[in-house]
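S.K.: Dropping the sequence and predicted coords here.
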Amino acid sequence: MNRFLLPLGAFALLLVVLIAGLVHAPQKGIIVSPLLGKPAPQFSLPGLLDASTPLQAQSLRGHWTLVNVWGTWCVECRAEHQTLLEIKRQGRVPIYGIDWKDDDTQARAWLAELGNPYERVGADREGRVAIDWGVYGAPESFLVNPSGTVVYKHVGALTPEIWEREFLSRLL
Amino acid sequence: MLVELGHYALILALLLAASQAFFGLVGPALARERWLSSASSAATGQFVFLALATGVLVHAFIEDDFSVRYVAENSNAALPLFYRITALWGAHEGSLLLWVDVLSVWTLAVVARQRFLPPLFGARVIGVLGLISFGFLAFTLCTSDPFVRLTPPVPDGNDLNPVLQDFALAIHPPILYTGYVGFSVSFAFACAAMIEGRRDQLWARWMRPWTVIAWAFLAWGIALGSWWAYYELGWGGFWFWDPVECASFMPWLVGTALIHSLAVTDKRGLFKSWTLLLAVGAFSLSLLGTFLVRSGVLVSVHSFAADPRRGIFILGFLILMIGGALTLYAWRAPRMVSQAGFELISRESFLLFNNLLLVIAAAVVFGGTMAPLIADTLHLGTLSVGPPYFNPSFLVPILPLLALLAVGIHARWRRGGLHDARRRLIGSFAFSLVLGLALTFGVYAHPLPLTPIGAVLGVWIIVSSLVDPIDRLRRRLSVPASIAGMAIAHIGLGLFVIGITFVQSNTLERDIALKPGGSVDLGGYNFRFDGVANIEGPNYEGLRGTVTVTSAGRPVTVLHPEKRHFWVQGSVQTTAAIADGLHRDLLASLGDDVGAGAFSLRFQYRPLIRFVWLGAFIMAMGGVTVVIGRRQRGAGWAGATQRASDTTAASAP
């Protein structure tokens, strides 16, 4: 065995690990949420549009829901907004919004201007509830099943393709 | 329109990189003389178009052009001008552009000094650099294009990550990348030498200054990052063994081994294949660092991009570059082995041990960085590796390394044993023992088991480094830059060791809730909390506390720790207040309002922590001294090349 081949062999071994790591990467890292397969966290947020209808964990029970974390300061959220309106138009799953670390007046103006895809919006002014949900950065969307269990999480803007492929396919 | 021009400039740079690689590598193989200069012209052209592309992007940032997605995601109209410029490398796409920019500057420097290299060899070096540049430009354009437009444009941007809105961190990436990317020049020299199968050792002489400069910049970059983490993250730590830190530290360790091994190859013609392997290794680790940070394979606080497509691309590039170089190594290195020998106790064998221990240290860091990934791959569960693994395991190779350094400095080339150095050896050790123990037990009490060892080793390294220069001065001999630089670098290391030793052993910290007027004693200082005030910055608002520090009734300093709330990204950030001093730092950080007018506060006393960064800075300055000294004497590149041009014909493949 030629000792000058050893480095190449070691590199090949390393490659195996790296490739294996890469194959696993889509299922781990930031896309994995400790919440997956667990009940959605308990929370209660004041309503953004109507103070008398707060957004609570109980609101998510009994039917499939999409929980969307957004903010007016978030560039990607603006890109995502059309998709959310389209999902509302389809009418299969109600969307609940968590308005994250935002100014209430600006947030209302945003919904008035771009249209409101949400069934209810809770104002998470301090960002406490987003921490419970393990939010990494807006926008993030969670699919919650009728028993209140988080089934899927998507980081980044939703597109019609992602909605179809990752969310609709999971609806039973 | 301007943005599209920048985009085209980047595409042109890609094409020029391709032709640079082609002419530089194929030209010498086919012995086409005109092609050789085409490689240099392509490199120069590539630089011009990269500068244009980067300039356009900077312009978009300065002018708040939020129709560019990258600008919208990383800048904001309220962001100060300086950070609007440095936001260029605030995220993935721009960092890659910076990577290529730095590589282009290095390539241009090689082109400028090409006349000191044999024409074929120089062209090959530039060709290999072109190949690397092509890979990175293709990566940027295919997976991470910074010039993508946003439709419709947004009225205002998302703001730069608040953590990055800081002077040290803003200038940190260019310096770190200069080091990281600089190893690509060493890599290119090694590849060129292997392609030619050179039997001489001149390539080592040519490679040396480039490697030392890259190594020095990497040291500065790492030190700057550590300094930033220290004052910005707000909890007083300065090294976390975070995967991203390890990614820059591994090439530095291997680079340190490389510059020592290069000295042996250059002076004595030994360790040739080993030196080549280290040159390939240092650059491979730089690439691997990029892979780990950019692909999301290892997730850490620093990595801002996780995209499997990018990972696959980088992986392909790794296979091509590292796999290619190692295949070349397996093929050519056996012919390049040298026969000269040396005795057991000689400078060569000390440097061999230096190399082995440094590579073991790098392997320790590598193992710790990769372990979570390997455990995950083998389904052994999630493993997290932190300081409890790194700190002790890293010391295992490093402590003997330091001791061998203090002894080995006195050893001579080739042979001689240590007989004639015995007096110096015993004298310097006795002196260091007294001084080190005095520091441990006299100046700072309550030592840990390793405190006296660290203190004595640190002092011993400094004293040993000074012996030879002082001896030369006493005998009225000149001190050549190479010897002065080596002494400076080792003194820097000694200061670093002393700093680490005492900051690890004698740091005091205290978390406490205080009402205004309350105070606490720590390390001979009295910290009194005087209350908080509201503050408002250009893009944030927050609280600013006042802490008055006194020692034995005399005022020492007033500290203002801050807690900032950034409007746009909505994140909160604490900024520790630090009173720095050469012999100690005092820190105060402001925590939460715990009610009834009281705040939670953290106070720290950290002795000699400045020595850590000062030591690293001086170490790097030592390297710079050597290179500048060589150039001024004119004997370095130019002198060597005169002789080299005679041997070129003989060594061509």
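M.R.: Okay, I see it.

S.K.: Going by C-alpha atoms from here, please, whenever you check contacts or count neighbours.
M.R.: Fine.

S.K.: Which residues are in contact with residue 45?
M.R.: Picked chain A for this. A:54-56, A:122-124 (C-alpha atoms under 8 Å, 6 or more residues apart in numbering or on different chains).

S.K.: wrong one, chain B
M.R.: Counted by C-alpha under 8 Å, 6+ apart, residue B:45 has contacts B:13, B:16.

S.K.: wait, is it part of a helix?
M.R.: Yes. Under DSSP: H, G, I helix; E, B strand; the rest coil, residue B:45 sits within a helix.

S.K.: Need the nearest residue in space to the residue nearest the centre of chain A, chain neighbours excluded.
M.R.: In chain A, the C-alpha nearest the mean C-alpha coordinate belongs to residue A:141, at 2.0 Å (C-alpha atoms, centre = their mean). Of all residues not flanking residue A:141 in the chain, residue A:68 sits nearest, at 4.4 Å (C-alpha to C-alpha, 6 or more residues apart in numbering or on different chains).

S.K.: Show me what secondary structure element comes after the helix of greatest length in chain A.
M.R.: Counting residues, the longest helix found in chain A (DSSP state H) is helix A:6-24. Using DSSP states H and E, the helix or strand that follows helix A:6-24 in sequence is strand A:44-45.

S.K.: which residues sit against the following helix or strand past that following strand?
M.R.: Where DSSP H and E defines the elements, the next helix or strand beyond strand A:44-45 is strand A:55-56. Strand A:55-56 has contacts (C-alpha under 8 Å, 6+ apart) with A:42-47, A:120-122.

S.K.: pLDDT score assigned to the closest residue to chain A within chain B?
M.R.: At 4.7 Å from chain A, residue B:330 is the closest residue in chain B, using C-alpha to the nearest C-alpha. pLDDT recorded at residue B:330 is 94.

S.K.: Got phi/psi on it?
M.R.: Dihedral angles of residue B:330 (phi, psi; degrees, to the nearest 10) stand at phi -60, psi -30.

S.K.: now swap in residue B:410 and tell me
M.R.: phi -80, psi -10.

S.K.: Unless I'm misreading it, it sits right up against residue B:426, doesn't it?
M.R.: No. The pair residue B:410 / residue B:426 is not scored as a contact, 11.2 Å apart, by C-alpha atoms under 8 Å.

S.K.: Which one's more surrounded, these two?
M.R.: Neighbour count, other C-alpha atoms under 10 Å in any protein chain shown: between residue B:410 and residue B:426, residue B:410 has more, with 21 against 12.

S.K.: Leaving aside the residues adjacent along the chain, what's closest to residue B:538?
M.R.: residue B:78 (6.5 Å).

S.K.: and the helix or strand of chain A with the lowest mean pLDDT, C-alpha only, in CSV?
M.R.: Ranked by mean pLDDT, DSSP states H and E, the weakest helix or strand in chain A is helix A:128-132, scoring a mean of 78. Provided in CSV are the C-alpha atoms of helix A:128-132 (Å, rounded to 0.1, in the frame of the first residue of the first chain):
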residue,chain,number,x,y,z
ARG,A,128,-43.0,35.9,23.4
VAL,A,129,-45.4,33.6,21.6
ALA,A,130,-43.2,33.3,18.6
ILE,A,131,-40.4,32.0,20.9
ASP,A,132,-42.8,29.3,22.1
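
S.K.: Flag every buried residue along it.
M.R.: A:129-130 (16 or more other C-alpha atoms under 10 Å in any protein chain shown).

S.K.: Show me how far it is from its chain's centre.
M.R.: Remark: helix A:128-132 is offset 13 Å from the chain centroid, using C-alpha atoms, centre = their mean, to the nearest Å.

S.K.: Kindly report the same for stretch A:94-111.
M.R.: 15 Å.

S.K.: Just the element for residue B:6, please.
M.R.: Going by DSSP H and E, residue B:6 is part of helix B:2-30.

S.K.: Now do the buried residues in that helix.
M.R.: Buried-residue list, helix B:2-30, by 16+ other C-alpha under 10 Å: B:3, B:6-28.

S.K.: Would you confirm that the residue of chain B closest to chain A contacts residue A:4?
M.R.: Yes. Under the criterion of C-alpha under 8 Å, residue B:330 makes contact with residue A:4 at 4.7 Å.

S.K.: Now do the contacts for residue B:37.
M.R.: If you count contacts by C-alpha under 8 Å, 6+ apart, then residue B:37 has residue B:123 around it.

S.K.: After the strand or helix carrying it, heading C-terminal, what element do we hit next?
M.R.: Assigned by DSSP H and E, residue B:37 belongs to helix B:33-62. Per DSSP H and E, the first helix or strand lying C-terminal to helix B:33-62 is helix B:69-74.

S.K.: was I right about residue A:64 contacting residue A:146?
M.R.: Yes. Under the criterion of C-alpha under 8 Å, residue A:64 makes contact with residue A:146 at 5.0 Å.

S.K.: The residue nearest to the centre of chain A: what secondary structure?
M.R.: Per three-state DSSP, residue A:141 ends up strand.

S.K.: right, and it touches residue A:77 too?
M.R.: No. The pair residue A:141 / residue A:77 is not scored as a contact, 10.9 Å apart, by C-alpha under 8 Å.

S.K.: what about chain A, any weak spots by pLDDT?
M.R.: Chain A contains residues with pLDDT under 70 at A:1, A:24-34, A:136-137, A:172.

S.K.: The most centrally placed residue in chain B in helix, strand or coil?
M.R.: By C-alpha atoms, centre = their mean, chain B has its centre lying nearest to residue B:218, at 2.5 Å. Assigned by three-state DSSP, the conformation of residue B:218 is helix.

S.K.: Contact partners for residue B:355?
M.R.: B:257-258, B:260-261.

S.K.: Just the buried ones from those residues?
M.R.: B:257-258, B:260-261.
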